[in-house]
Structure formats: C-alpha cells, structure tokens
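Participant: task: produce atomic coordinates for the following.
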Amino acid sequence: MEPAHLSREELKSAMRALLIREPRLFFEVVQELREEIDNVPEEDHHSEQQKWWAMIEAEFMQLAEVFRGFA
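Facilitator: Model (predicted):
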C-alpha cells in the first residue's frame, strides 16, 4: 500500500487536532522526533537537510514548551 500524501493544510489540521485532543500524545511524538533527529549520524546529514532539521526541531521544541502544561 502506497503512503498517503498530505497537503500542507491537511498536515497542519491533523497536527492541530492532535494538539487539541491529545496534548500528551502530541508532546510524546515531539520528544520522539527530537530523539530520532539526535540519533542520526552527522555524516548522514547534508547541509541543506541539516538546516531544515534544525528549523523543524526548533519549532517542535517551542510548541512543546507552550503545551508542556497540558501533558
């Protein structure tokens, strides 16, 4: 089965729904993604990819801090 491709709006909507309905799960997923990023060997990163991961990680951590009280 081929993975479904979400539009940007569909992804934002799904993330928002998870954050509102299941803040603890949202926080756990953010933490897991952060750990996965931390475990990727440096030699596997390309400079552009590394820049995007850093931006994504920063966004997730800001969201996690905002909603930490819900978890």
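
Participant: give me the buried positions along stretch 20-33.
Facilitator: Using 16 or more other CB atoms under 10 Å as the test for burial, stretch 20-33 gives 23, 26, 27, 29, 30. Any C-beta I mention is one placed from the backbone N, CA and C, and that applies to glycine too.

Participant: mind listing what the second one touches?
Facilitator: Same thing as residue 26. By CB atoms under 8 Å, 6 or more residues apart in numbering, the contact list for residue 26 reads 15, 18, 19, 63, 67.

Participant: rerun at 10 Å
Facilitator: Neighbour list for residue 26: 15, 16, 17, 18, 19, 20, 60, 63, 64, 67, 70, 71 [criterion: CB atoms under 10 Å, 6 or more residues apart in numbering].

Participant: and it, how far is that from residue 62?
Facilitator: Relative to residue 62, residue 26 is positioned 13 Å away (CB to CB, to the nearest Å).

Participant: list the helices and strands the lengthiest helix in the chain packs on?
Facilitator: Criterion DSSP state H: the longest helix present in the chain is helix 47-67. In terms of contact count using 3 or more CB pairs under 10 Å, 6 or more residues apart in numbering; DSSP states H and E, helix 47-67 is assigned the packing partners helix 8-21, helix 23-38.
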